[in-house]
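Asker: Got a sequence here, can you model it:
(2 chains)
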Amino acid sequence: QQPVQSPQAVILREGEDAVINCSSSKALYSVHWYRQKHGEAPIFLMILLKGGEQKGHDKISASFNEKKQQSSLYLTASQLSYSGTYFCGTGLGGKLTFGQGTILTVHP
Amino acid sequence: DTGVSQNPRHKITKRGQNVTFRCDPISEHNRLYWYRQTLGQGPEFLTYFQNEAQLEKSRLLSDRFSAERPKGSFSTLEIQRTEQGDSAMYLCASSLAPGQGLDGYTFGSGTRLTVV
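Answerer: Sure thing, here's the model as predicted:
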């Protein structure tokens, strides 16, 4: 079952914050987050495992809520380089099922 | 290590022809995955290997698709009797098996297939 991401698209000015959500109808064991720029391969951002931990990576962090079967990606003080499509991937045993993606556009 | 390498980068073929793509993963990675991506969608799972063993194949995948990883290193994906609906970006990724690392997938740049 494919996870559902929201919103589908976000437009920001540099310095603004954004939150991208990833919801699953199945129990979550791990959630991966990736960013893909147009015409390029997806790049791994971070992985969260069952346990509700929050991780950080520069000004990008994520949380994992097992009860809600949801993960959220937080982008703080966005930069132009944050533009791209963000995908969450959920799975068990290493194989991931990806969401449909959230297009993030950051303007100067 | 130069990352995950995929060849060719682009392939244009006539409907009904067979095509084969190659993926060279990161050498330390024992897991190798094939995904398909169409415009505006997330990567769709096709199949994956741990070493040379094919552990799972998508039920959505027709019998025209086959993948191999003969020596647990590079992998090939073959599509027989191509159809226009096969046009997509075919992505390969590699990783360590769960429990061996938490670095996620490393994707290759993909092979863009156009069936005319």
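
Asker: close to chain A, is the helix or strand harbouring B:Arg112?
Answerer: For B:Arg112, the element it lies in under DSSP states H and E is strand B:111-115. No. Contact between strand B:111-115 and chain A, assessed by C-beta under 8 Å from any C-beta of the partner chain, is absent, since the two come no nearer than 9.4 Å. Bear in mind the C-beta positions are built from the backbone N, C-alpha and C, glycine included.

Asker: Can you report how many residues neighbour A:Cys22?
Answerer: For A:Cys22, the count of nearby residues is 27 (other C-beta atoms under 10 Å in any protein chain shown).

Asker: May I have the lengthiest strand in chain A exported as CSV, CA atoms only?
Answerer: Within chain A, and with DSSP state E defining each element, the longest strand by residue count is strand A:84-92. Only the C-alpha atoms of strand A:84-92 are listed here, as CSV (Å, rounded to 0.1, in the frame of the first residue of the first chain):
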residue,chain,number,x,y,z
GLY,A,84,12.8,19.6,-5.5
THR,A,85,10.4,16.7,-5.0
TYR,A,86,10.4,15.0,-1.6
PHE,A,87,9.5,11.4,-1.3
CYS,A,88,8.8,9.3,1.7
GLY,A,89,9.4,5.5,1.5
THR,A,90,8.0,3.1,4.0
GLY,A,91,8.7,-0.6,4.4
LEU,A,92,9.8,-3.6,6.3
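
Asker: ok, and for that strand, which residues are buried?
Answerer: By neighbour count with 16 or more other C-beta atoms under 10 Å in any protein chain shown, strand A:84-92 contains the buried residues A:Gly84, A:Thr85, A:Tyr86, A:Phe87, A:Cys88, A:Gly89, A:Thr90, A:Gly91.

Asker: Quick one: list the elements packing against the helix or strand just after it.
Answerer: From strand A:84-92 onward toward the C-terminus, using DSSP H and E, the following helix or strand is strand A:95-98. Applying 3 or more C-beta pairs under 8 Å, 6 or more residues apart in numbering or on different chains; DSSP states H and E, one finds that strand A:95-98 contacts strand A:84-92, strand B:31-37, strand B:44-50.

Asker: The very next helix or strand once past strand A:95-98 and chain B, any residue contact?
Answerer: From strand A:95-98 onward toward the C-terminus, using DSSP H and E, the following helix or strand is strand A:102-107. No. Applying C-beta under 8 Å from any C-beta, one finds strand A:102-107 separated from chain B by no less than 8.8 Å.
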